[in-house]
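> Give me the fold of what follows.
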Amino acid sequence: MPSVPDVVWEKFVQDSEREIPASAPKEPSARARMVTERLQKMGEEAAPPSGKGGKAGRRWGRKGDERTEPAPAWQPEGWRTGPAWREMDGRAARRRRLWGILGVPVAAALAAVAVKPSLIPGDPFG
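Below is the predicted model:
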């Protein structure tokens, strides 16, 4: 059996030690397991019973023509799914829209006067 040089062996050991954590399977935390279990229980409770009731899914008595869709899985409400803070106050939204509509012409007029002050009637600068 040929002997492996020490340098090659050290490189093999270092490479193996570096790759072991990267290739090891990641186990979910206890909190993640609890949340998953709770969501699965809530989904099972919200799902309708899985019994076929007579000819409810049949069309004119033919078999194999059932067009029933599975019930959507229950999902909890997301923590960011509520109304946006700007949608909460209708009056403020109208006010912002008004300032947007009036602000553009006013800014254009101010820019024109800044470029050419003679646009102001009379002699404001004396």
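> Name the single longest helix found in the protein.
Determined from DSSP state H, the single longest helix within the chain is helix 90-115.
> quick one: buried residues of that one?
Buried residues in helix 90-115, defined by neighbour count with 16 or more other Cβ atoms under 10 Å: none. No exception for glycine: its C-beta is placed from N, CA and C like everyone else's.
> what's the neighbour count on E44?
10 (other Cβ atoms under 10 Å).
> measure it to P117 for me?
75 Å (Cβ to Cβ, to the nearest Å).
> repeat for R18
For R18, the distance to P117 (Cβ to Cβ) stands at 71 Å.
> Contacts for stretch 24-31, please.
Residues outside stretch 24-31 that contact it (Cβ atoms under 8 Å, 6 or more residues apart in numbering) are T36.
> Could you tell me the end-to-end distance of it?
For stretch 24-31, the first-to-last residue distance is 20 Å (Cα to Cα, to the nearest Å).
> Which residue ranges of the protein form helices?
For the chain, the helices defined by DSSP H occupy 6-23, 30-46, 90-115.
> Compare those helices and give me the one nearest T81.
For T81, the closest of the helices of the chain is helix 30-46, at 15.8 Å, according to Cβ to Cβ.
> Tell me the buried residues in that closest one?
Applying 16+ other Cβ under 10 Å to helix 30-46 flags no residue as buried.
> Looking at it now, give me its mean pLDDT.
For helix 30-46, the mean pLDDT works out to 86.
> ok, now stretch 2-10?
Stretch 2-10 shows a mean pLDDT of 85.
> CA atoms only for it - export them in PDB, please.
C-alpha atoms of stretch 2-10 as PDB (Å, rounded to 0.1, in the frame of the first residue of the first chain):
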ATOM      1  CA  PRO A   2       1.600   3.300  -1.100                       C
ATOM      2  CA  SER A   3       2.100   5.900   1.600                       C
ATOM      3  CA  VAL A   4       0.400   9.300   1.300                       C
ATOM      4  CA  PRO A   5       2.700  12.300   1.900                       C
ATOM      5  CA  ASP A   6       1.900  14.400   5.000                       C
ATOM      6  CA  VAL A   7       1.300  17.500   2.900                       C
ATOM      7  CA  VAL A   8      -1.400  15.800   0.800                       C
ATOM      8  CA  TRP A   9      -3.000  14.300   3.900                       C
ATOM      9  CA  GLU A  10      -3.100  17.700   5.700                       C
END
